[in-house]
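**Student:** build me a model from this:
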Amino acid sequence: WLDELPGCFRGAVVANEVLDVMPVHLLASRAEGLFERGVGLADDGAGGRRLCWADVPAAGAVCEAAQALALPAPASGEYVTELNLAGGAWVAAWAERLECGAMLLIDYGYPRAEYYLPSRSGGTLLCYYRHHAHGDPFLWPGLNDITAFVDFTAVAEAGFAAGLDVLGYTSQAHFLFNCGVLDCLARRGPQESADYIRAARAVQRLTAPQEMGELFKVLALGRGMAEPLQGFARGDRLHTL
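**Tutor:** Numbers count the residues shown, from 1 in each chain. Presented below is the predicted three-dimensional model:
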């Protein structure tokens with residue numbers, strides 16, 4: 001465990017499902033303008049108080065960043081989404097420290113063009129409590145794992161603006177296949193052995209399109225890397241960012 005980032009670093013930084021748990025700003029785009037969604041208190045009907053959503057007009061850095069996204073503004077109702085400013089700041093902090101090496105950022109998410117589709121009007125915020133997914137962060141406060149999908153375009157832009165090279169972007173399945181996961185599986189022993197079968201099921205879950213293979217992406221940022229990274233040899237999707 002680290003209490004703070006090192007002053008300087010050379011090597012590989014692997015961040016597996018780190019960006020998705022960083023705090024996000026919730027945005028609500030309506031015909032009357034752009035709002036930031038926060039938390040307030042309301043009567044619970046039994047003489048007590050309960051947590052509730054409370055919107056205020058978006059301002060400052062949140063408003064500036066959100067306006068650059070050109071979010072859909074529905075004629076009626078609202079378009080709700082997330083803005084992860086903390087993720088960009090975290091990448092920039094690593095850029096100050098990474099003398100030579102690469103950051104591998106593995107998470108579920110989309111490039112910007114897919115993240116802010118008009119059809120994704122409810123956002124991507126999710127909560128997990130004891131492995132059960134739900135959409136209400138006010139249930140069991142402090143016990144939920146609250147996550148949001150990652151805008152990989154924003155992360156790549158933050159790294160590039162901070163002086164890092166964008167080295168590759170692809171699906172988790174392509175990344176693992178490029179890195180030789182099937183060769184590793186073959187070394188587990190006879191295909192009829194229990195050890196091989198368990199490992200094969202794990203590989204299936206990590207790489208199948210209907211499982212984690214397509215939903216999870218891998219983005220590489222770095223500095224001073226002379227050779228292309230093997231994980232992006234085939235199926236690189238940098239053009240989609």
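**Student:** okay, and the beta partners of the most centrally placed residue in the chain?
**Tutor:** Centroid check for the chain by Cα atoms, centre = their mean gives Val150 as the closest residue, at 2.6 Å. Residues in a beta bridge with Val150, per DSSP bridges, are Gly109.
**Student:** hmm, it is touching Leu83, no?
**Tutor:** No. Val150 is beyond contact range of Leu83, at 11.7 Å (criterion: Cβ atoms under 8 Å). C-beta here means a position set from N, CA and C on the backbone, and glycine is covered the same way.
**Student:** wait, Arg112 sits on Ala156?
**Tutor:** No. Here Arg112 does not reach Ala156: they are 9.4 Å apart, not a contact under Cβ under 8 Å.
**Student:** comparing those two, which residue is more hemmed in?
**Tutor:** Ala156 (24 against 16; other Cβ atoms under 10 Å).
**Student:** for the record, mean pLDDT for the host helix or strand of that one?
**Tutor:** According to DSSP states H and E, Ala156 maps onto helix 152-161. Mean per-residue pLDDT for helix 152-161: 98.
**Student:** who touches the helix or strand that it is followed by?
**Tutor:** Per DSSP H and E, the first helix or strand lying C-terminal to helix 152-161 is strand 165-171. Residues from elsewhere that reach strand 165-171 (Cβ atoms under 8 Å, 6 or more residues apart in numbering): 102, 111, 152, 156, 159-160, 178, 213-214, 216-223, 225, 228-229, 231-232, 235-238, 240-241.
**Student:** now, which of these lie within strands?
**Tutor:** Among the contacts of strand 165-171, the residues falling in strands (DSSP state E) are 102, 216-223.
**Student:** out of those residues, which one sits closest to Pro74?
**Tutor:** Checking the ones in strands among the contacts of strand 165-171 against Pro74 with Cβ to Cβ, the nearest one is Lys217 at 27.9 Å.
**Student:** just give me the neighbour total for that closest one.
**Tutor:** Lys217 sits with 25 neighbouring residues when counted by other Cβ under 10 Å.
**Student:** I'd assumed Leu104 was in contact with it.
**Tutor:** No. Counting by Cβ under 8 Å, Lys217 sits too far from Leu104 to count as a contact (11.0 Å).
**Student:** contact partners for Arg30?
**Tutor:** Going by Cβ under 8 Å, 6+ apart, Arg30 touches 73-74, 77-79.
**Student:** tell me the buried residues in the helix holding Ala156?
**Tutor:** Going by neighbour count (16 or more other Cβ atoms under 10 Å), the buried part of helix 152-161 is 152-159.
**Student:** stretch 125-141 now?
**Tutor:** Of the residues in stretch 125-141, 125-127, 137 count as buried by neighbour count, 16+ other Cβ under 10 Å.
**Student:** now that stretch: how far from the chain's centre is it?
**Tutor:** Taking Cα atoms, centre = their mean, to the nearest Å, one finds the center of stretch 125-141 at 17 Å from the center of the full chain.
**Student:** so what's the model's average confidence on that stretch?
**Tutor:** 92.
**Student:** for it, give me every contacting residue.
**Tutor:** The contact list for stretch 125-141 (Cβ under 8 Å, 6+ apart) reads 24, 26, 50-52, 82, 143-148.
**Student:** dump that stretch to CSV, keeping only the CA atoms.
**Tutor:** Taking C-alpha atoms only, stretch 125-141 is exported to CSV below (Å, rounded to 0.1, in the frame of the first residue of the first chain):
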residue,chain,number,x,y,z
LEU,A,125,-23.2,5.3,-12.5
LEU,A,126,-23.6,1.9,-10.8
CYS,A,127,-23.5,0.7,-7.2
TYR,A,128,-22.5,-2.8,-5.9
TYR,A,129,-23.4,-4.1,-2.5
ARG,A,130,-22.3,-7.6,-1.6
HIS,A,131,-21.9,-8.4,-5.4
HIS,A,132,-25.4,-7.2,-6.2
ALA,A,133,-25.6,-4.3,-8.7
HIS,A,134,-28.1,-1.5,-8.2
GLY,A,135,-28.6,2.2,-9.2
ASP,A,136,-29.3,3.9,-5.9
PRO,A,137,-26.1,5.3,-4.1
PHE,A,138,-28.3,6.4,-1.1
LEU,A,139,-28.9,2.8,-0.1
TRP,A,140,-26.4,1.6,2.6
PRO,A,141,-24.3,4.8,2.6
